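**Q** the sequence and its predicted three-dimensional model are supplied below.
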Amino acid sequence: MVRLRLDLAYDGGAFVGWARQPGLRSVQGELEKALGTVLRLGEPASLTVAGRTDSGVHARGQVAHVDVPVVAYEASPGRSDRPPAEALARRLSGVLPADVVVHRVSVAPAGFDARFSAIWRRYSYTVVDTEGRRDPLLRGSQLWHPRRLDVEAMDAAAQQLVGEHDFLAYCKPREGATTIRELLAFGWRRVGGVVVAEVRADAFCHSMVRSLVGASLAVGEGRWQVARPRELLERAQRDSTVTVVPPGGLVLEEVAYPPDDALADRASVARSLRTAVVPDPHRSR
């Protein structure tokens, strides 16, 4: 067997999310079907992903890995003279639907695990307020907010949430899972006619990013004081006043990994920590 790394992107609008679900259209399902077709696998390929995005969430910088037979991988060029990795990426583009793109296929370094070797994930969320102009062609990737937003206040509130905390106020808790996360960066900026959040963390719990955005919008339109998001965080309890915004504006932009010689150690540490308290720490929504 050989472990392959896939760098990919997708428009999540027509998917139930990343994870395979019987009878429903998922990103994982489409990719595994395409791999089976191109590599002529007797058994379905099983992909492991860095961040299991939810229904309607997009990705520009998703990463996954898959183990396939060496003989099938080496046969992927067929009669062409392309290297197997290049040939496989090209052939996948020929069978995948237009809303999924595999940008690159490569043989993974020793110890690489798309999920457990990752050191952080970075998301963006895009909002158009009344200072911008709604573009119907981008309606699936932006949130329309019908009031002007105070971006400076939103950014100030976001900065107060950075660090390792119990994010229960901004997560939907699941049995056996922790809501403690390290938020490495969270900020807002106005770019032209749109307002963009950047959120980076070691991992995210269920609904965390969209809840953080919802709290920020409450500050931006003046319903909440700048200090309120931090006050809710410190209470460490789920709060019904926190709005979970729609998924369309959310994009997984990037996943980061340590140097190749540290991949195995990182995966070992993350697996031992996470499996004890977080069955699926990378479910990011």
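**A** Noted; the coordinates are in hand. Numbering: from 1, shown residues only.

**Q** tell me the confidence at Thr275?
**A** Listed pLDDT for Thr275 reads 43.

**Q** I misspoke; the intended subject was Ala177.
**A** So Ala177 comes in at 75 (pLDDT).

**Q** what do you get for Arg238?
**A** What the model reports as pLDDT for Arg238 is 85.

**Q** ok, now how distant is Ser76 from Ala64?
**A** To Ala64, Ser76 is 17 Å away according to C-beta to C-beta, to the nearest Å. All C-beta spots, glycine's among them, are computed from the backbone N, C-alpha and C.

**Q** then Ser211?
**A** With C-beta to C-beta as the criterion, Ser211 and Ala64 are 26 Å apart.

**Q** helix/strand/coil for Arg147?
**A** At Arg147, secondary structure determined by DSSP: H, G, I helix; E, B strand; the rest coil is coil.

**Q** just give the nearest non-adjacent residue to it, would you?
**A** Glu221 (4.9 Å; C-beta to C-beta, 6 or more residues apart in numbering).

**Q** hang on, the one you found packs against Pro146?
**A** No. Using C-beta atoms under 8 Å, Glu221 makes no contact with Pro146, being 9.5 Å away.

**Q** pick out whichever of these two has more residues nearby.
**A** Under the criterion of other C-beta atoms under 10 Å, the comparison of Glu221 against Pro146 puts Glu221 first, with 17 against 9.

**Q** tell me the domain ranges of this protein?
**A** Listed by automatic domain parsing, the domain ranges of the chain are 2-107, 120-256.

**Q** ends of the longest one, what's the gap?
**A** The reference is to domain 120-256. End-to-end distance for domain 120-256: 5 Å, by C-alpha to C-alpha, to the nearest Å.

**Q** how about the first one?
**A** Its start and end residues considered, domain 2-107 measures 7 Å (C-alpha to C-alpha).

**Q** so for that domain, mean pLDDT?
**A** Domain 2-107 comes out at a mean pLDDT of 96.

**Q** dump the residue contacts of the residue nearest to Arg147.
**A** Glu221 sits next to His145, Arg147, Arg148, Leu149, Asp150 when contact means C-beta atoms under 8 Å, 6 or more residues apart in numbering.

**Q** show me which positions of the host helix or strand of Arg181 end up buried.
**A** Assessed by DSSP states H and E, Arg181 sits inside strand 180-191. Neighbour-count burial for strand 180-191, counted by 16 or more other C-beta atoms under 10 Å, picks out Arg181, Leu183, Leu184, Phe186, Gly187, Trp188, Arg190.

**Q** could you verify my assumption that the fourth one touches Ala158?
**A** Looking back up the chat, that one is Phe186. Yes. At 4.3 Å, Phe186 counts as touching Ala158 under the criterion of C-beta under 8 Å.
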